[in-house]
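**Student:** only the shape, not the letters, is given here:
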Ligand SMILES: Nc1ncnc2c1ncn2[C@@H]1O[C@H](COP(=O)(O)OP(=O)(O)OP(=O)(O)O)[C@@H](O)[C@H]1O
């Protein structure tokens, strides 16, 4: 009798439920609950949209599943997104893949449902797409691996996203007019420079030292935090034109995967604008100021003060120009002032052909942590170029080249130029290319005398070598004396394009920024 009473009550309850929800729905829910209860597995849905917001986890899962390990899926969607060269791989609708984590098997399925939006828009009711992933995991493994697995997916996806991200090359160079209206401090294009540490002609030990330094820096988050320093590193690249300073920057960008901000200092009107530019750079980036000696008047303050007192020129009223242009102190604040800490994992690179012109304050450790001398082409550097351009690692003419290359003082750019013209010999015999190079090296060896007399074949003039004492330079940069000599000697061989007013771009850039102190 009791049984019949209970059955009657159940029917009553069922009738009541039926009045408030459709019967198919009730049966469907009942069926799926029963299925969930009896199944060996748990199912988790990761929706693309939660409420009105996009779900980050959906994107991470998508990136994670698109990694090559998952090309085992039977159904996949392939596409090449606009502005990308890489093929994107995603699970097709209802496509399923299996993954393994900590000994457990998990299955992912991608579902894409079309459904009618409940809201009536201006155009009437319209179908929309509801996309989500279903994660299937055995109940036995769920508590043991689920949280770790989700963390693993997020970490891996972030890494993949960073590696696959197209690097950008930013510049602040634009007219004042645009700047006022745009209010966008940087503009960018995809960064596609092919230079890498493999193609860079540089002594192996020096190359390795730089690579180690970069690696230490990139995994130094804990370290920088522990010692209370902001996570940034400064490199000063100096040496004659054509020794690979720009190529080195590109190689660093390709190695780290960081975006490059090429800061055109002559376009920056004030310290405040410089600060604004700095704030608008992202983490994991390289901020470059090329030819820094040409951008602002950064010559040694002590020297300039001395020059001022000996000259009869009346001093400018204090602060007259401070607000209207970038000053040395503004630049120093940019590199290690309070505002420089507003981001992390940043590399600042300055390049110069005239290290002797820079104020020592700019060179001190903490600002420029590593001073890298880009030298004339040495024999080990030549061997890298020979490998790149002629695909040879040895040749019977190599000893001849080794004997004269150091005294010839030829830049890697000049050597590359000769080898590139003779690249046809790759398919035949590289001997002709090497013979032409030997002739050029011999000619270059005899050239310094002519250079000192300003007797350039192309009509450009040599520049006065600096009178800065060697021990002073050595103290500043801590590199070998011989290297410094070469760095200074390059000033005599530098080619500067003269315009009709007789001034070089460098001279004009520096002149426009003079008198800031
Ligand atoms: N060390 C190098 N390794 C490989 N290629 C080099 C090297 N140096 C120069 N080159 C070649 O010469 C070209 C010019 O070099 P790059 O612009 O990097 O020199 P730079 O020192 O930055 O010159 P500048 O001071 O005039 O800007 C490069 O495109 C590259 O082909």
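**Tutor:** Sure, I can see it. In this text the structure is predicted, and so the values were computed from the model without any measurement. Numbering: from 1, shown residues only.
**Student:** and residue 205, backbone torsions?
**Tutor:** The phi/psi pair for residue 205 (degrees, to the nearest 10) reads phi -60, psi -40.
**Student:** give me the number of residues near it?
**Tutor:** Applying other Cβ atoms under 10 Å, we find 9 other residues in the vicinity of residue 205. No exception for glycine: its C-beta is placed from N, CA and C like everyone else's.
**Student:** one more: residue 187?
**Tutor:** 14.
**Student:** so it touches residue 171, yeah?
**Tutor:** Yes: counting by Cβ atoms under 8 Å, residue 171 is a contact partner of residue 187 at 6.0 Å.
**Student:** ok, now which ones touch the closest residue to the ligand within the chain?
**Tutor:** The chain approaches the ligand most closely through residue 244 (2.7 Å), counting by Cβ to the nearest ligand atom. For residue 244, the contacting residues are 200, 201, 202, 374, 412, 413, by Cβ atoms under 8 Å, 6 or more residues apart in numbering.
**Student:** pretty sure the fourth one contacts residue 243?
**Tutor:** Yes: taking contact to mean Cβ under 8 Å, the distance of 3.8 Å between residue 374 and residue 243 places them in contact.
**Student:** in terms of pLDDT, where does the residue of the chain closest to the ligand sit?
**Tutor:** pLDDT for residue 244: 95.
**Student:** now residue 55
**Tutor:** pLDDT at residue 55 comes out at 88.
**Student:** near it, how many other residues are there?
**Tutor:** For residue 55, the neighbour count with other Cβ under 10 Å is 15.
**Student:** need the next SSE after the longest helix belonging to the chain, C-terminal direction.
**Tutor:** Taking DSSP state H as the criterion, the chain has its longest helix at helix 139-164. Scanning forward in sequence from helix 139-164 by DSSP states H and E, the next helix or strand is strand 168-171.
**Student:** that next one pairs with which strands?
**Tutor:** Using DSSP bridges, the strands paired with strand 168-171 in its sheet are strand 187-190 (antiparallel), strand 259-262 (parallel).
**Student:** for those, which one ends up most surrounded?
**Tutor:** strand 259-262 (a mean of 23; mean count of other Cβ atoms under 10 Å).
**Student:** contacts for the helix or strand residue 278 falls within next, please.
**Tutor:** Assessed by DSSP H and E, residue 278 sits inside helix 271-279. Helix 271-279 is contacted from outside by 172, 185-186, 261, 263, 265, 268, 287, 322-323, 326-327, 329-331, 333-334, 339-340, 342, using Cβ under 8 Å, 6+ apart.
**Student:** now it: average pLDDT?
**Tutor:** Helix 271-279 comes out at a mean pLDDT of 86.
**Student:** buried ones in the helix or strand harbouring residue 335?
**Tutor:** If you go by DSSP H and E, residue 335 is part of helix 328-336. With burial defined by 16 or more other Cβ atoms under 10 Å, the residues of helix 328-336 counted as buried are 328, 330, 331, 332, 333, 334, 335, 336.
**Student:** cool, and stretch 103-112?
**Tutor:** Burial within stretch 103-112, assessed by neighbour count using 16+ other Cβ under 10 Å, is assigned to 104, 106, 108, 109, 110.
**Student:** swap in stretch 366-373?
**Tutor:** 367, 368, 369, 370, 371, 372, 373.
**Student:** mind putting those into TSV with distance to the ligand, pLDDT and secondary structure?
**Tutor:** Listed next are these as TSV, based on distance: Cβ to the nearest ligand atom, whole Å; pLDDT from 0 to 100; DSSP: H, G, I helix; E, B strand; the rest coil:
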residue	distance to the ligand	pLDDT	secondary structure
367	21	78	coil
368	17	87	coil
369	20	89	coil
370	17	92	strand
371	15	93	strand
372	11	95	strand
373	11	95	strand
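**Student:** let me know the closest of these to residue 135.
**Tutor:** residue 369 (45.6 Å; Cβ to Cβ).
**Student:** does that closest one touch residue 234 like I think?
**Tutor:** Yes: taking contacts as Cβ under 8 Å, residue 369 lies within contact range of residue 234: 5.1 Å.
**Student:** how about the residues of the stretch 351-500 of the chain that lie near the ligand?
**Tutor:** 353, 374, 412, 413, 416 (Cβ under 6 Å from any ligand atom).
**Student:** which of these are buried?
**Tutor:** 353, 374, 412, 416.
**Student:** pLDDT check: weakest of those?
**Tutor:** On pLDDT alone, residue 353 ranks lowest of these, at 91.
**Student:** ok but residue 60 is inside a strand, no?
**Tutor:** No: counting by DSSP: H, G, I helix; E, B strand; the rest coil, one finds residue 60 to be helix, located in no strand.
**Student:** contacts only, for the spatially closest residue to it that is not a sequence neighbour.
**Tutor:** When the adjacent residues along the chain are set aside, residue 60 lies closest to residue 157, with 3.9 Å between them (Cβ to Cβ, 6 or more residues apart in numbering). Counting by Cβ under 8 Å, 6+ apart, residue 157 makes contact with 59, 60, 61, 63, 64.
**Student:** columns distance to residue 100 on top of the strands paired with strand 168-171, output as JSON lines?
**Tutor:** Formatted as JSON lines, the strands paired with strand 168-171 follow (distance: least, Cβ to Cβ, whole Å):
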{"stretch": "strand 187-190", "distance to residue 100": "36"}
{"stretch": "strand 259-262", "distance to residue 100": "35"}
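**Student:** can you add mean pLDDT and give those strands back as a markdown table?
**Tutor:** As requested, these are exported to a markdown table (pLDDT from 0 to 100):
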| stretch | mean pLDDT |
| --- | --- |
| strand 187-190 | 88 |
| strand 259-262 | 94 |
